[in-house]
Structure formats: structure tokens, C-alpha cells
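Asker: Turn this into a model:
(chains A and B)
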Amino acid sequence: MLRIVTTIVLGAIGGYLIHDAKSKNTHARNEYEDSVDKAQKKTKRAYHNAQKKDMLDKLFKVKRAKQKIADSIYSQLKSSQKNFKDINTQLKESKDTLSTLFMQKKLVSTRDEKKTIQENINAIIEARRELFNIRDELKVDIVELRDRLNKSNKYTRDIQVEIDRVRGN
Amino acid sequence: MKKDIINLKTTLPTVNKTYFPLDTFGKTVGRYFDYKKETAMIKYETQKVKEQSKVAIKQIDAELKKSLDANSKNFKKEMVYLKNIAKTLESSSTNQKMILENIAELTKMLTNPDMPKEYILNMIVMAHQQLNDERNSSMQNINIMGNFDQNQKKIGEE
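Answerer: Numbering: from 1, shown residues only, chains lettered A, B, ... in the order given. Next comes the predicted model:
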């Protein structure tokens, strides 16, 4: 009788202990899975944020460098355009001078005076030839600078698109 | 940044079951302690994963800082390079402006009967040559900048 009772009691205690230990073990396993999951997510998020921060930092710096390049090209373009305008003014002024000289040439009577005026006219024409050459060269520069500026602005815009894309991720 | 930092999962331990050979109750107690031991090991692993996560985050922060520092260093280097070219371009612009003013003055002098025309015309041709030199130097620098612009990778990349 005592043996039966002892077996039942010990069986019950043992059953309870095993049940308790098993349930704690399962709980610990679940907690482990949860912790791993949370830790993975947290670390992945930190990694993703760090990557994004790093990429944005690089892109903003590239954009600043590209803007600096675009500013320099723009400044050169403006300068060449101003020079082109100044050459045009000089050409106009020299044209007026030529007209005056032609008028004077008509008005003077002596051969010497006509000869002097003709020499002045020739010199002005020669100078105008140089001015025309300079103007043509400046025109070529302006076209090239415009092309460069367009490219530079495109590169800057591309970087902005990339920045927006990274920001959106 | 190294991606393997973010892998934290480990293999959970399983305890070798050691049973008391004495009797049924003994076996039960043995299993109980096996479970207890396994649970303790799992808890230890859980704690380890949490710690690993903290370490990994610290490592990510450190790598980010390193990368940002490298970005700043490269950026400063690039900006110094670009600023130097920009300075040369500015100085060339000023020179071109002065040469053109000079040419304008010389052209005006041609109408002065007392001035030697041949000499002035030569001076204009020379000024034109100087202008061409300045223009070429400017365009060369613009090309350098343009090529740099075209080939510029993301700062920090080699």
C-alpha cells in the first residue's frame, strides 16, 4: 500500500517537475527566438541607417563638388559673353570711326591728306580684322562653355535624383 | 561596411541526456536537471545574442564614423583641387579682360595721327596672341574640371 502511495506521490512530483522544466525550457527557447529576431531587426536597421547616412553624406559632398564645377564654368561663360559683348562694342565704335574717316576723306582736297586718312582707314580695317577673329574665337568658347555647363548641370541633377532615391529608401 | 556584422543567429545547445540508471524517479529527476541545464544554456545564449547585437551596433557606428571621416578627408582634398583650378580660371578671366581693354585702347589710338600705326597694329596682334594663350589655358582648365566632373565617383570610393 505504502509502496503504491509512494509511487503515486513520487510520480506526481516527478511529473510536475518535468512539466515545469519543459515549459520553462520552451519559454526560454521562445524568448531566445524573439530576442534573436529583435536583435537581428535592430542590427539590420542600424546597418541600413548607417549605410544610408554614409551614402547620403557621399552624395551631398559629390553634389557640392559638382556645384562648384558648375559655378566655375558659369562664371567663365559669363566672362566670355561679356568679352564678346565688349568686342562687339569695339567693332561698332571702329565702324563709326571708319565712317567718319571715309567722310573726312571725301571732304579733304589735298592728296597728302587723303593718303593719311587712307592709311588710318587701312589700319582700322586691319585692327577690325583682329577684332573679328577674336570675336569668332570667343563665340567658339561660348558654345563649348555652354555645352560644358549643360553637362555639369545634368551631372548635378543626376546626383539630386540619386539623393532623392536614397532618401526614399 | 561589412554585412556579416548583422548575422547574430547561433545554434542553440542541446544537452546530452544523462539518466540516472537507478529507478523511474531517478530518471525523472535526471531529466528535470537536464531540462534545467538546457534552459540555463538557452538563457545564456539569449543574453549573448543581446550583447552581440549591442556590439554589432557599436561596430556599425564605428565603421560609419570611419567612413564619414574618410568622406570628409577626400572631399576636402577634392575641394582644394577644384578651388585651385577655379582660382586659376578667375585670374585668367581678369587677364583676358585686361588684354581686351588694352586692345580697345590700342584700336582707339589708331585714329591718332601722331601714333605709329604699324607699331600699334603689331601690339594688337601681340595682345591677340596673349589673349589666345589665356583662352587656351582657361579652356584646358575647364576641360580638366569637366573631365573630373564626368568621371567623379562617389566620394570615398577609390
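
Asker: So which residues of the chain form helices?
Answerer: Using chain A. Counting by DSSP state H, chain A has helices at residues A:2-107, A:111-168.

Asker: ah, I was thinking of chain B
Answerer: Using DSSP H, the helices found in chain B span residues B:24-109, B:117-151.

Asker: Make JSON lines out of those and add mean pLDDT and distance to chain A.
Answerer: Glycine gets a C-beta too; all of them are placed from N, C-alpha and C. Listed next are the helices of chain B as JSON lines, based on pLDDT from 0 to 100; distance: least, C-beta to the nearest C-beta, whole Å:
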{"stretch": "helix B:24-109", "mean pLDDT": "92", "distance to chain A": "3"}
{"stretch": "helix B:117-151", "mean pLDDT": "92", "distance to chain A": "4"}
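
Asker: Switch those over to a markdown table; also include distance to residue A:29 and mean neighbour count.
Answerer: As requested, these are exported to a markdown table (distance: least, C-beta to C-beta, whole Å; neighbours: other C-beta atoms under 10 Å in any protein chain shown):
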| stretch | distance to residue A:29 | mean neighbour count |
| --- | --- | --- |
| helix B:24-109 | 6 | 17 |
| helix B:117-151 | 55 | 17 |
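
Asker: Compare the ones you listed and give me the one nearest residue A:4.
Answerer: helix B:24-109 (13.7 Å; C-beta to C-beta).

Asker: looking at the helices of chain A, which is closest to residue B:70?
Answerer: Among these, if distance is taken as C-beta to C-beta, the winner is helix A:2-107, at 9.5 Å.

Asker: now for that closest one, which elements pack on it?
Answerer: helix A:111-168, helix B:24-109, helix B:117-151 (3 or more C-beta pairs under 8 Å, 6 or more residues apart in numbering or on different chains; DSSP states H and E).

Asker: that older thread, redo the helices of chain A as a markdown table? Include mean pLDDT and distance to residue B:79.
Answerer: Conversion of the helices of chain A to a markdown table gives the following (pLDDT from 0 to 100; distance: least, C-beta to C-beta, whole Å):
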| stretch | mean pLDDT | distance to residue B:79 |
| --- | --- | --- |
| helix A:2-107 | 92 | 7 |
| helix A:111-168 | 93 | 15 |
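
Asker: Quick one, which of those gets closest to residue B:43.
Answerer: helix A:2-107 (5.5 Å).

Asker: angle of that closest one against helix B:117-151?
Answerer: 170 degrees (axes from the mean of the first three to the mean of the last three C-alpha atoms, to 10 degrees).

Asker: Give me the angle between helix A:2-107 and helix A:111-168.
Answerer: With the same axes, to 10 degrees defining the directions, helix A:2-107 sits at 170 degrees from helix A:111-168.

Asker: ok now helix A:2-107, how far from the chain's centre?
Answerer: 15 Å (C-alpha atoms, centre = their mean, to the nearest Å).

Asker: still on that earlier bit, now for the helices and strands packed on helix A:2-107, which one comes closest to residue A:102?
Answerer: Closest of these to residue A:102 is helix A:111-168, at 7.0 Å (criterion: C-beta to C-beta).

Asker: picking up where we left off before, so which of the helices and strands packed on helix A:2-107 is nearest residue A:62?
Answerer: Nearest to residue A:62 among the helices and strands packed on helix A:2-107 is helix A:111-168 (5.5 Å), distances taken as C-beta to C-beta.
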